[in-house]
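Trainee: got a predicted model here, sequence first, then my questions.
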Amino acid sequence: MSPHNPYKQAVFLKSAARLNQCPECVVAEVAFAGRSNAGKSSAINTLTENKKLARISKTPGRTQLINYFSIGNRRCLVDLPGYGYAKVPLAMKKEWDKHLSEYLQYRGCLKGLVLLMDSRHPMQEFDAMMINWAVDIEMPVHILLTKCDKLKKGVAKNTLLTVEKHLREVGVDDLVSVQLFSALKRQGIKELVCVLDRLLVEDDSTESR
């Protein structure tokens, strides 16, 4: 791991069910998004070296709130509700989707997305929708191809190259980057730290979108 990792200082700040409950004191934040079984909580806990920071459930879809983790200096990491997998009533799922959409569209201090995808099943339909939405408003996206330890090294590398090729072909590689990541093997943390630093270290006077 990089000796520079301010994310080890992360502490829980608050949970919000909707946009108007999000903290007002934040200058910049990066949100972690992805399917409910993509390993969001595991990635956050591995990054911050705190196994208890983000809740990990054996039942995908249990993260129903927007969870804030402060890293100091009015910057935050945000764990968003997972999408596309949760076994919950349709009405509840629609309510989650509504609040998630409002957050993504109107949260002015949101500086970028970390989009997690299971490396064995990358670029699902909703993943593509998230990327398209972000590109439309020129928001940076960094893809984590998670659970890469479950693939042979050659297969994992080919998956990474395939996703990179796709991003180039659709012309979004200037805003969308991608890497391999394994919470179990602690692979890819240094690269993720560098990306988060780039997104979060901005001047306080930066105007909101």
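Mentor: Thanks, I have it.
Trainee: tell me the spacing between the residue positioned nearest the centre of the chain and D97.
Mentor: What sits nearest the mean C-alpha location of the chain, by CA atoms, centre = their mean, is F32, with 1.9 Å. Separation of F32 from D97 (CB to CB, to the nearest Å) stands at 17 Å. C-beta: built from backbone N, CA, C; applies to glycine.
Trainee: re earlier: in which helix or strand does the residue nearest to the centre of the chain reside?
Mentor: strand 28-34 (DSSP states H and E).
Trainee: how distant is that strand from the center of its chain?
Mentor: 5 Å (CA atoms, centre = their mean, to the nearest Å).
Trainee: chain center to the lowest-mean-pLDDT helix or strand in the chain, what's the gap?
Mentor: For the chain, counting by mean pLDDT, DSSP states H and E, helix 90-106 ranks last in confidence among helices and strands (a mean of 77). Taking the mean of its C-alpha atoms, helix 90-106 sits 16 Å from the chain's own mean (CA atoms, centre = their mean).
Trainee: what packs against that helix?
Mentor: strand 66-72 (3 or more CB pairs under 8 Å, 6 or more residues apart in numbering; DSSP states H and E).
Trainee: give me the contacts around the helix or strand containing V193.
Mentor: For V193, the element it lies in under DSSP H and E is helix 189-200. For helix 189-200, the external contacting residues (CB atoms under 8 Å, 6 or more residues apart in numbering) are 1-2, 4-7, 28-30, 43, 46-47, 71, 75, 77, 111-112, 114, 140, 142, 144, 177, 179, 181.
Trainee: just the buried members of those residues?
Mentor: 5-7, 28-30, 43, 46-47, 71, 75, 77, 111-112, 114, 140, 142, 144, 177, 179, 181 (16 or more other CB atoms under 10 Å).
Trainee: going on from the helix or strand encompassing K165, what's the next piece of helix or strand?
Mentor: Element membership of K165, judged by DSSP H and E, is helix 153-169. Downstream of helix 153-169, the next assigned helix or strand under DSSP H and E is strand 176-180.
Trainee: tilt between that next one and helix 189-200?
Mentor: Here the directions of strand 176-180 and helix 189-200 differ by 160 degrees (axes from the mean of the first three to the mean of the last three CA atoms, to 10 degrees).
Trainee: the helix holding V193: which residues count as buried?
Mentor: For helix 189-200, burial by neighbour count (16+ other CB under 10 Å) applies to 189, 191-193, 195-196, 199-200.
Trainee: could you check the angle strand 66-72 makes with it?
Mentor: Following the same axes, to 10 degrees, one obtains 90 degrees for the angle between helix 189-200 and strand 66-72.
Trainee: next, the angle from helix 189-200 to strand 28-34.
Mentor: 130 degrees.
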